[in-house]
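> predicted model follows, preceded by the sequence.
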Amino acid sequence: MSNYNYDNFSSDDYDFQNSIGPQVGEKAIDFELIDASGSPRDLLDFEGEFLVLELGSITCPLFQARRKTMMTLHDEFPQVSNVVLYVREAHPGKDIPMHKDLDEKISRAQLLRDGDGEKRMIIVDDIEGSAHKAYGSMPNAVFIINKYGCVVYRSEWNNAKATHSALKALIEGKPIRAKSYFKPSSPAVLMRTLNRAGEGSLPDFFKSLPYLFWQNIIKRNLRLLFNARHLVDGDMRC
């Protein structure tokens, strides 16, 4: 990725073949960042039994499609911390372009909080995407991290139902063998999100749609279907 904050979306900006970043059983990586109000915040500074860390941006249809379900996790599981790591714009357009500096990135996080009603803590990555890159660079990955800083669940694409099921089992003290199949956003959310981003966002997406369909809905889901997963204990040390 020669230009992290790209002007135009292309599937070439993502590695769909390799699973990058901390794997299940490995130590999560901490970063000194800021929250949406501009206050210093460590990424892994959380209270409770687990941290649910979701990556997203206001121009990511997949992230927008999962927000309603993800925001209910705090109410259902008050012993869990929920954080959004605000990363680069997934599908920038004329109205919501790429971030030119950190202040602009913070303003987008504030728009997500104040305009879209995001209730979770939002932590803003730096302008070069240091945390995003360390956690795999995907636009809507999700991680569950236990109180010892170990990754006990991860998915390159957040499937909110699978994340909920995994978290519920972990809270109940049950080991998990989770598979998070890729689920596309609804056409309504897709069109609303890309039209909001503005001119350029929609055609850039549709140029890459056949490749995205093949890599995620076909290849990734088949790989998950046929690959065995090991049981993971939520209280594991790493």
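Done, it's in. Quick caveat, the model's predicted, so the values are computed rather than measured.
> let me know the secondary structure of the residue lying closest to Asn146 once chain neighbours are set aside.
Leaving out its chain neighbours, the residue that sits closest to Asn146 by CB to CB, 6 or more residues apart in numbering is Val152, at 5.2 Å. Where you see a C-beta, it was placed from the backbone N, CA and C, and this is true even at glycine. Secondary structure for Val152, judged by DSSP: H, G, I helix; E, B strand; the rest coil, is strand.
> tell me the contacts of Val152?
When contacts are counted by CB atoms under 8 Å, 6 or more residues apart in numbering, Val152 touches Val24, Gly25, Phe50, Ile144, Ile145, Asn146, Leu170, Ile176, Val232, Asp233, Gly234, Met236.
> looking at the residues you listed, which is nearest Tyr135?
Nearest to Tyr135 among the contacts of Val152, counting by CB to CB, is Ile145 at 10.7 Å.
> can you name the residues in contact with the helix or strand Leu33 falls within?
In this assignment (DSSP states H and E), Leu33 forms part of strand 32-35. With contact meaning CB under 8 Å, 6+ apart, strand 32-35 is reached by Pro40, Arg41, Asp42, Leu43, Ile106, Met121, Ile122, Ile123, Val124, Asp125, Asp126, Ala131.
> neighbouring strands - and their directions - for it?
Strand 32-35 pairs in its sheet with strand 40-42 (antiparallel), strand 121-124 (antiparallel), by DSSP bridges.
> which of the contacts of Val152 has the most neighbours?
Sorting the contacts of Val152 by how many neighbours each has (other CB atoms under 10 Å) puts Ile144 first, at 26 neighbours.
> surely that one is within a strand?
Yes: under three-state DSSP, Ile144 sits within a strand.
> so it versus Tyr86, what's the distance?
19 Å (CB to CB, to the nearest Å).
> same check on Ala134?
Distance from Ala134 to Tyr86, by CB to CB: 15 Å.
> neighbour count: these two, which is higher?
Tyr86 (28 against 17).
> that one and Leu112 touch, don't they?
Yes: when contacts are counted by CB atoms under 8 Å, Tyr86 is listed as touching Leu112 (7.0 Å).
> just to revisit the earlier point, in CSV: the contacts of Val152, plus pLDDT, secondary structure and distance to Glu32.
CSV is the format used below for those (pLDDT from 0 to 100; DSSP: H, G, I helix; E, B strand; the rest coil; distance: CB to CB, whole Å):
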residue, pLDDT, secondary structure, distance to Glu32
Val24, 96, coil, 25
Gly25, 95, coil, 25
Phe50, 98, strand, 21
Ile144, 98, strand, 22
Ile145, 98, strand, 17
Asn146, 97, strand, 21
Leu170, 97, helix, 27
Ile176, 95, strand, 30
Val232, 93, strand, 28
Asp233, 94, coil, 30
Gly234, 94, coil, 27
Met236, 95, coil, 26
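> dump these to CSV, plus distance to Thr72.
CSV is the format used below for these (distance: CB to CB, whole Å):
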residue, distance to Thr72
Val24, 24
Gly25, 28
Phe50, 15
Ile144, 16
Ile145, 20
Asn146, 21
Leu170, 17
Ile176, 20
Val232, 23
Asp233, 25
Gly234, 20
Met236, 26
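> just give me the closest of those residues to Tyr211.
Here the nearest of the contacts of Val152 to Tyr211, counting by CB to CB, is Val24; it sits at 27.2 Å.
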